[in-house]
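> Pasted the sequence and its predicted model underneath.
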Amino acid sequence: MGSAVRLFVGVPAAALVTGLLFLFMSAMIRQQVRLDEEQNAVNISITAQIQDTDLTSINKEFKRPTLDAPPPPPPAVNDPSNRPALDGVAAAIPEINADLNIGSGFNPDRDAQPLVRIPPQYPERCQGRASDSGEVIVVQFDVTPDGQTTNIETIDSTNSCFNRAAERSVERWKYQPKIVDNEAQWRRGVVTQIRFELTE
């Protein structure tokens, strides 16, 4: 019974509210259309006026710029006393009576010269033991007549952890051998320093 009453009362009330909303919205739309028409009625247009230029008057007023005259050439000097003398000075060649032996100026003898120096690899096991300023290893070795390094030994070291890495690096070095009287000779006791620095 209650639902039937709600149905008979609610449906007409809903229809009435819906109709009023439609009427209100149509009145608002008409009002908006009127505002748009009024705004469109007030239309102000400002256009720039373009004036044609008269090219003939411009061409008549144009004048070419006058160029400055080039400077005159320098005056020619025809005075022969102003020219330097080209005659040479005659002198006798001095005679040197001395028995000198200056040689050929070429000495074929030379000491061993490095050709290939492969830098050492920083050993990973020594990273925690190295100082901040780096480590210096002093290595002594001999160079064979073939340019190979041999008898490699460490004679001074700031950190013994790096000795083996320095010696392995020197093993791969190549030299031009020592030359005495056009013959390759042994070069013994070559001393070099190897520095290890950890770069970040």
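Arrived safely, thanks for sending.

> pLDDT weak spots in this structure?
1, 32-62, 77-91, 94, 96-108, 132, 199-200 (pLDDT under 70).

> for the longest helix belonging to the chain, packing partners?
Secondary structure of the chain per DSSP state H: the longest helix is helix 2-41. Packing partners of helix 2-41 (3 or more Cβ pairs under 8 Å, 6 or more residues apart in numbering; DSSP states H and E): none among the helices and strands. Where C-beta positions appear, they are placed from N, C-alpha and C, glycine not excepted.

> Okay, buried residues for it please.
Buried residues in helix 2-41, counted by 16 or more other Cβ atoms under 10 Å: none are found.

> same question, stretch 181-195
Going by 16+ other Cβ under 10 Å, stretch 181-195 has these buried residues: 184-185, 187, 190, 194.

> Okay, strands next: where are they in the chain?
113-116, 135-143, 149-157, 174-176, 178-180, 183-185, 187-196 (DSSP state E).

> Could you list the residues in contact with the fourth one?
This points to strand 174-176. Contacts of strand 174-176 with the rest of the structure, by Cβ atoms under 8 Å, 6 or more residues apart in numbering, involve 110, 112-116, 143, 147-149, 187.

> Could you list the domains of the chain?
Following automatic domain parsing, the chain resolves into domains at 1-31, 113-196.

> first vs last residue of the last one, how far apart are they?
According to Cα to Cα, to the nearest Å, domain 113-196 extends 23 Å from its N-terminal end residue to its C-terminal end residue.

> quick revisit: now the domains of the chain as JSON lines including distance to Arg64?
Output for the domains of the chain, formatted as JSON lines (distance: least, Cβ to Cβ, whole Å):
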{"stretch": "domain 1-31", "distance to Arg64": "71"}
{"stretch": "domain 113-196", "distance to Arg64": "73"}
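
> of all those, which lies closest to Leu67?
Within these, the stretch nearest Leu67 is domain 113-196; the backing value is 68.5 Å (Cβ to Cβ).

> hang on, the earlier thing: out of the contacts of strand 174-176, who's the most crowded?
Highest neighbour count within the contacts of strand 174-176, by other Cβ atoms under 10 Å: Val143, with 27 neighbours.
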